[in-house]
Every structure is written in C-alpha cells, then in structure tokens.
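J.: please work out how this folds:
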Amino acid sequence: LVHQTMEGVLEVFDILTEKITRLDQELLKIAHQDKDARLLMTAQGIGPITALTYKAEIFDPSRFPNSRTVGAYLGMTPMQYSSGETHKQGRISKCGSMELRSLLTEAGVVILTRTQKWSKLKAWGLKLMRKKGLKKASLAVGRKLAVIMHRMLLEQKEFVWGKAPEKAA
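T.: Okay, here's the model as predicted:
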C-alpha cells in the first residue's frame, strides 16, 4: 500500500515538474519578445520574472512625476513622523505590491552577494551593508534599483554599470 501511494505521488510530481518546465519556457519566451522586459533585464539582478512583474505593476512609467516616487509607490521608503520639533523615520511603509517588493529585495541580495561585475550601485550597497547589514542594504539596493529601472523605461536606455575607480598606486 505504501509503495503504491509513493508511486502515485512520484507520478504527480513528474507531471507537475513537466508543467512547470513548460510554463518557465513560455515565460522566458514572453520576456525575450517584450522590448521593455529585455531592456530591464540588462540591469544587475533582474531576470525575466522580476522584469515582467515590474512592467505589469508600473504599467505606464510616465504616470509618476519623478523616478523617486516609484520607491514610495512600492512601499520601500521609510514612513515619516513629524510633529513640531520631532522628526522620525520609521520602518518601510509596505504599501504597494508585496510580490514586486520581495522580488526587488531579492535582486538587491543578488547584487550584493552574487554579482561579480563592479557597478556604482553595488559599491553603494556594499558600503551600506557594512553599516546596516545585508537585510536593510538589500532593501535599499532594491529601492534604488526600482528607481533606476523606472528611469530606464522612460529614457529607453540600458543599465549603466559605470567605471570602477582607479586604484591608487
């Protein structure tokens, strides 16, 4: 009886794996056919799922007055409390899409930990990581990446890596 049950579970697992593989291939095909998704994938840490989710969530980049407001729209900026002489920053607001916020944070982790190529964004994130830790730095890099991606869509330009600073002799 246990043997038959395990065979049934393994058959279902094989069917699911096959369907997931086909859906992955379909998603890759959609991402590579879409001009904006291809443009967004030139950025560090951005793959097809993040690019398509970002494009779907932002929809029309011109609806934002400036690129910095995208971070607030996605809930990746700290809440503000001001009263008379008191000015405090709280935790992130967590407004907007939780899925896109987590994808961008994961892209921040990839930039900080896996990407080998130098960029201004990575250098800034690593400096922040030494002060605040990986969790806060990856969220900050993800927010900055969202702002950069918005500007990329508006200007239709690829991600600018920048030049590594010259080593002092």
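
J.: got the contact list for the residue sitting nearest the centre point of the chain?
T.: For the chain, Leu104 is the residue whose C-alpha lies nearest the centre (Cα atoms, centre = their mean; 2.1 Å). Applying Cβ atoms under 8 Å, 6 or more residues apart in numbering, we find Leu104 in contact with Thr50, Tyr54, Leu74, Met76, Gly142, Arg143, Leu145, Ala146. To be clear about C-beta, it is placed using only N, CA and C from the backbone, and glycine gets the same treatment.

J.: one more: Arg101?
T.: Leu74, Gly75, Met76, Lys94, Gly142.

J.: the residue nearest to the centre of the chain and Lys55: what is the separation?
T.: Counting by Cβ to Cβ, to the nearest Å, the gap from Leu104 to Lys55 is 13 Å.

J.: could you list the low-pLDDT ranges of this protein?
T.: Applying pLDDT under 70 to the chain flags residues 167-169.

J.: longest helix in it, please.
T.: When the chain is parsed with DSSP state H, its longest helix is helix 2-33.

J.: show me the contacts for Met149.
T.: Contact analysis of Met149 by Cβ under 8 Å, 6+ apart lists Leu40, Ala43, Ile46, Tyr54.

J.: what do you get if the cut-off is 10 Å, keeping everything else the same?
T.: Contact partners of Met149, counting by Cβ atoms under 10 Å, 6 or more residues apart in numbering, are 36, 39-40, 42-43, 46, 50-51, 54-55, 58, 61, 67, 70, 104, 107, 159.

J.: for the protein, what spans make up the helices?
T.: Remark: helices assigned in the chain by DSSP H are 2-33, 35-40, 48-58, 69-73, 98-113, 120-132, 134-155.

J.: and the ones you listed as TSV, adding distance to Ala164?
T.: Below are the helices of the chain laid out as TSV (distance: least, Cβ to Cβ, whole Å):
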stretch	distance to Ala164
helix 2-33	29
helix 35-40	24
helix 48-58	25
helix 69-73	26
helix 98-113	15
helix 120-132	8
helix 134-155	18
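
J.: who wins for proximity to Gly84 among the ones you listed?
T.: Closest of those to Gly84 is helix 69-73, at 23.8 Å (criterion: Cβ to Cβ).

J.: and that closest one, what other elements does it pack with?
T.: On a contact count with 3 or more Cβ pairs under 10 Å, 6 or more residues apart in numbering; DSSP states H and E, helix 69-73 meets helix 48-58, helix 134-155.

J.: show me what counts as buried in the shortest one.
T.: Pointing back at helix 48-58 there. Going by neighbour count (16 or more other Cβ atoms under 10 Å), the buried part of helix 48-58 is Pro48, Ile49, Thr50, Ala51, Leu52, Thr53, Tyr54, Lys55, Glu57, Ile58.
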